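**Q** sequence and predicted structure, then a few things I'm wondering about:
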Amino acid sequence: MLDDRVCGVKSVHIEVEELSEEQKKPLVTDPAKLGFGKVFTDRMFTARYEVGRGWFDHRIERYHDFPLDPAACVLHYAQEIFEGLKAYASEDGRILLFRPELNARRMNRSARRMAMPEFPEEDFLTAIRELVVREKRWIPRAPETSLYIRPTMIATEAFLGVHAGASYLFYIILSPSGPYFQEGFKPVRLYVEDVYVRAVPGGVGDVKTGGNYAASILAGAEAQKKGFSQVLWLDAKERKYVEEVGAMNIFFVFGQKLVTPALSGSILAGHTRLSILEMAGDLGYETEERPISIDEVVAGAADGTLTEAFGAGTAAVISPVSGFRYKGRDYQVGPGEVGPVARDLYRRLTDLQWGRVPDPYGWVREIGRL
């Protein structure tokens, strides 16, 4: 049964291109061959926008390349936003989404900040449901696999001048993905970056736009050359306060207390972060959202009061941290292993997402059956 209350009654007309068996791609089912974001399904959703006309031409059509004018606004002034969420196959055959209304809401917040048109939230949810249900053969069934959903909007008007475009393309593509932790649920080491910065308050660090991620690539590549998995970002003004880890939110565990940086205008409001904060009390944990300095983190690692650290985000859900390097010195977090808090939160969140346990929060949306 479809959850029309949350995932949208069909308020918008969508033209659907049917595909013959010969037109469909060979199905990839081996989790080891899926990776993340490398395989794409047969069809995609598209809609177009023009100033004075609004959104029109909503379609589910064959996955294809886009023709773009070399002067398209997205290529020169980076008017682009996106979202990321997953569809899960439950053991009893349900197709599930996890809090998709938050993605619809955040995408429009991103659109406002980037001077782009908002896409109606109900139409966003309807488009995802209609596309995922039609492409359900691509939803992996193996443990810890899922169908990644990438809604995106780009400015398509051709001009050379710094102002908002007058035409846009909104599209959704789907990518079956294998387990994030291919070699098991293992902790990672971080490099504390105190030269480069990812984002500044008042900028666009708190929205999902491509420039944020482009700005992080060089520092991430340099950290990996040094043997670290991710960068731990500090604030842009003082290089003192912890902000994010890679492209994820960060949590520190002091005993039974979870501490995460307060949203400052340069930190993305992640949905996994929010879910952890909302469910933590039911699991016996205290929470704090506040500025946390790298000096406090270093001191906690040195004296043992910092017992765990982990990243939180859609792709990994929970990514445990074993240690980090700051100003040439290495620090270990707790015993350097996956801690009980990270393991507990990962299990509880993934059990909800894959429908393995009842959902007391009303976060999981059933949109169809396999």
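**A** Nice, thanks for sending it over.

**Q** make sure I have this right: residue 335 is in a helix.
**A** No. Checked against DSSP: H, G, I helix; E, B strand; the rest coil, residue 335 lies outside a helix; its state is coil.

**Q** number of nearby residues for it?
**A** Number of residues near residue 335 (other CB atoms under 10 Å) recorded here: 12. C-beta: built from backbone N, CA, C; applies to glycine.

**Q** from residue 322, how far off is it?
**A** Distance, residue 335 to residue 322, using CB to CB, to the nearest Å: 9 Å.

**Q** got it, and residue 149?
**A** Separation of residue 149 from residue 322 (CB to CB): 31 Å.

**Q** where does the stretch 101-250 of the chain have low pLDDT?
**A** For the stretch 101-250 of the chain, residues meeting the criterion pLDDT under 70 lie at 182-184.

**Q** just the strands in it please.
**A** 146-155, 167-177, 188-193, 230-234, 242-245, 248-254 (DSSP state E, counting those that start in this stretch).

**Q** nearest to residue 295, out of those strands?
**A** Residue 295 lies closest, by CB to CB, to one member of the strands of the stretch 101-250 of the chain: strand 242-245, at 10.1 Å.

**Q** so what strands line up beside that closest one?
**A** With DSSP bridges as the test, strand 242-245 is paired with strand 230-234 (antiparallel), strand 248-254 (antiparallel).

**Q** average model confidence for the helix or strand containing residue 342?
**A** Using DSSP states H and E, residue 342 sits in helix 340-353. Summarised as a single mean, pLDDT over helix 340-353 is 97.

**Q** which residues are contacting that helix?
**A** Helix 340-353 is contacted from outside by 86, 88, 96, 98, 144, 146, 185, 253, 258, 272, 275-276, 279, 283, 285, 307-308, 310, 317-318, 320, 356-357, 359, 361, 363-364, using CB atoms under 8 Å, 6 or more residues apart in numbering.

**Q** just these: which are in strands?
**A** 86, 88, 96, 98, 146, 253, 258, 308, 310, 317-318, 320, 364 (DSSP state E).

**Q** which of those are buried, as a ChimeraX select command?
**A** Command for ChimeraX that selects the buried part of the ones in strands among the contacts of helix 340-353, burial taken from 16 or more other CB atoms under 10 Å:
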select :86,88,96,98,146,253,258,308,310,317,318,320,364
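
**Q** need the ones in strands among the contacts of helix 340-353 in CSV (columns: distance to residue 229).
**A** Output for these, formatted as CSV (distance: CB to CB, whole Å):
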residue, distance to residue 229
86, 22
88, 25
96, 29
98, 25
146, 21
253, 19
258, 21
308, 16
310, 12
317, 16
318, 14
320, 11
364, 30
